[in-house]
Structure formats: C-alpha cells, structure tokens
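Asks: Turn this into a model:
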Amino acid sequence: MYIFWRQVAKLNVLLYFGKIEINGEENIPAGDAPFIYAVNHQAAFMDAVILGTLSPFPVYYLTRSDVFKPATKWILSSFNMIPIYRIRDGYASLSKNEAIFETIKDLLLQDKRILIFPEGNHHHTHFLRPISKGVSRIAFNSQLVNEKDIYVVPVGLNYFSHTRSSRKLILNYGAPIRVKDFMPEDGKPGPRDLNKFRVSIADAIKENLVIPEDDGNYENRKLVFNQKNEKLPFQEIRTLANSNTHFVEQKPSAFANIISWILLLPNLPAFLLYFWVAKNKISQVAFISSIKLAFGMFIFPTWILLCFIIVGLIFSWKIAGIVSLVQIVSFLIRRYFVRHAS
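Replies: Okay, the predicted model is just below:
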C-alpha cells in the first residue's frame, strides 16, 4: 500500500506544482546510512507528502497524534506515519512519546530514514520559526545505541504560493550534520549539548530558505515569490529577497479568472464540494494546498470514474471516454489559468 500510494502521491505532487527545483540531492547520505530529515513546516500535510514522494528513500513520518482516529489509524500506519504527542494533547499523553522514541531508535538501527518537523507545528510563513530540542534529543538518544553514524539532513521548503497550484516549489537538501560531532566525550549529552545541536540544525535549515528569518521587513520580502521570479534559481532569489528591493504585489488577471471558471464546469460537482470544504472546514491557510492535493488524489479521480461509468451505461463507452477526456484536459489546463486568477 505504501509503495502504491507513494507513486500516486508523487504524480499528484508533480502535477500540482508548475515547476520543482531540487538542490543538494548529493547531500543525502547514500547507501544504508540512517538519517533524519529536519524540515521547515509551512503547509501541513503537503510538506510531508513532498518529502515522502520526492526523497530518493522511503521515510517514516512523525505525525501529530490527534489525526490517529480508530477509523484512520490503520491506513496512516501503512503510510509509515508515527504519532507524536504534544502538550496540547494533554500532559498525560506526553509519556506515550517514550515508546515512540524507542520506535524511532529501532527504525534508525534498521537503517531507516525519519522525517521530523522541528518547529512542532505549521504556519504559512516563509521564514523558520523557533525549533524545539526534540530533534536533538531523538538524534542523541538514537546515536547512543547505534554503532553507525547518524546524520541530520536540514531541508528547506520554499513555496511560491501556499494556496495556488501550478506555482514553483524549491526543495533544498542541506549538508548533513553528523550527530557524533556534537556528542560530549563522556557520552552523556546535557542541556547545553542539546541546545548547541538545536541551534546548528536551525542555522542549517535557514541556509536553505529564501527568507531565513523575520527581520521586520517580511511583508515586503515575501513578495519576491512572484511569477516573474520563478525562472530564477534559488541563490538568485535568496539574494534578491535579502536586498533592499521594494517588491510590488502582482495584480490578478480578470481574463484568467473568467477562463478558470469556465474550465471548472466539466467537473463542477467536485469543485463545488471542494469550495464547500474550503469555506466550512479549513480554518488555516496552511491546510489549503493539502486539501487540494487530497482532492486531486481521491475526489476528482472518483468523480471522473463515476461519470465514465454512468455515461457508458446510458450512452456508449466511446462517448464516456470522450467525456472523461474533456474532464481531465479541462482540469489540467485550468491549473495554468488559476496562476493568474484572483
């Protein structure tokens, strides 16, 4: 199931973004080296799907525990998701993390790869927010029982839009950090060691972000993520964002807006369902791209298949094939007009 859905998700990720620039793949430890991805967290589940599908290795995800419901626990586990408990889940739940940390140790002993979002939660800001010592604790505790070197690979996700499809994504893998280089000689890491490692991880992630931190000019600097700059590589965009340039917000195209509405008509019921979910169920911008991806993976294929069966039974399978082709083509073309719409 994991292999199948990983390929399905990868196809949808490639279709969702207009362009994906990947830098630093040579920094990913090769062979059977165990390591941890430490990633900034801007777009809820989308972040995990991107790393899980574009990484050259399968990964295990630390996932917020509140999504592990009785009806979903089995499928989330089959996707290599592992629940992590936070303070908001209740202090009593935090004790369950000890078993989770043991699971991570065992996975790293088996040369697996772990994905962690050290910020602890998501937010649609492009800069890195303060990270916790959790990844330091996990890395140190795992290294103590592992003869092999464990590495932490800093990763920077840079979205040109947190809400619109067909925009550019920059995925940067930073130089791996060797855990043993931060271990004290007595093999008993203390608070200072944890904090030193935490700061090193944070600095390494920032090196892979277009906007490393908020310096008070963030509202202007984030406008660097406009369509004309999508042709620029990461380093040029980063330099531009950290210059004194005053950026102008792009105006939406009325023509593109009209065309995008016309192109949704062949799939109108599915889009109406999305609009209802977006309006009534999504309270945070960070979830929008994740919900869109989920609709692309499950709802739209189901809708198109249902139409194909109904039209085929009523008219003919040839007509059903034409209708499905129109639905698919209009769906794909619409993505490019949405880039410029309001």
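Asks: So which residues make contact with stretch 101-112?
Replies: 32-34, 36, 58-60, 62, 82, 114, 137-138, 141-142, 145-146, 148, 150 (C-beta atoms under 8 Å, 6 or more residues apart in numbering). Backbone N, C-alpha and C define where each C-beta goes, glycine included.
Asks: And the next helix or strand past the longest strand anywhere in the chain?
Replies: Ranked by residue count under DSSP state E, the longest strand found in the chain is strand 151-159. As assigned by DSSP states H and E, the chain's next helix or strand after strand 151-159 is strand 168-173.
Asks: From the contact counts, what lies against that following strand?
Replies: The contact analysis (3 or more C-beta pairs under 8 Å, 6 or more residues apart in numbering; DSSP states H and E) places strand 168-173 against strand 19-23, helix 45-54, strand 151-159, helix 234-241.
Asks: contact partners of the helix or strand following the shortest one?
Replies: In the C-terminal direction, the helix or strand that comes right after strand 19-23 (DSSP H and E) is strand 35-39. The list of residues contacting strand 35-39 from outside it, by C-beta under 8 Å, 6+ apart, reads 28-29, 47, 51, 55, 59, 108, 113-118, 131, 135, 138-139, 150-157, 176, 201, 204-205.
Asks: Strands of the stretch 1-150 of the chain, residue ranges please.
Replies: Along the stretch 1-150 of the chain, counting by DSSP state E, counting those that start in this stretch, strands occupy 19-23, 35-39, 60-64, 81-84, 113-116.
Asks: Report the buried residues of the first one.
Replies: This means strand 19-23. By neighbour count on 16 or more other C-beta atoms under 10 Å, the buried set for strand 19-23 is E21, N23.
Asks: on that earlier part again, just the buried subset of the contacts of stretch 101-112, please.
Replies: 34, 36, 59-60, 62, 82, 114, 137-138, 141-142, 146, 150.
Asks: Which of the residues you listed sits closest to R167?
Replies: For these, the residue nearest R167 by C-beta to C-beta is V59; the value is 24.3 Å.
Asks: Ranking helices and strands of this protein by mean pLDDT, which lands last?
Replies: Using mean pLDDT, DSSP states H and E, the weakest-scoring helix or strand in the chain turns out to be helix 91-94, at a mean of 67.
Asks: Surely I282 is in contact with I291?
Replies: Yes - I282 is in contact with I291 according to C-beta atoms under 8 Å; the separation is 6.0 Å.
Asks: The two: which is more packed in?
Replies: I291 (18 against 15; other C-beta atoms under 10 Å).
Asks: what's the host helix or strand of the more buried one packed up against?
Replies: Assigning secondary structure by DSSP H and E places I291 in helix 288-294. Here helix 288-294 touches helix 2-16, helix 45-54, helix 268-280, going by 3+ C-beta pairs under 8 Å, 6+ apart.
Asks: hmm, 7 Å instead?
Replies: Contact analysis of helix 288-294 by 3 or more C-beta pairs under 7 Å, 6 or more residues apart in numbering; DSSP states H and E lists helix 45-54, helix 268-280 as its packing neighbours.
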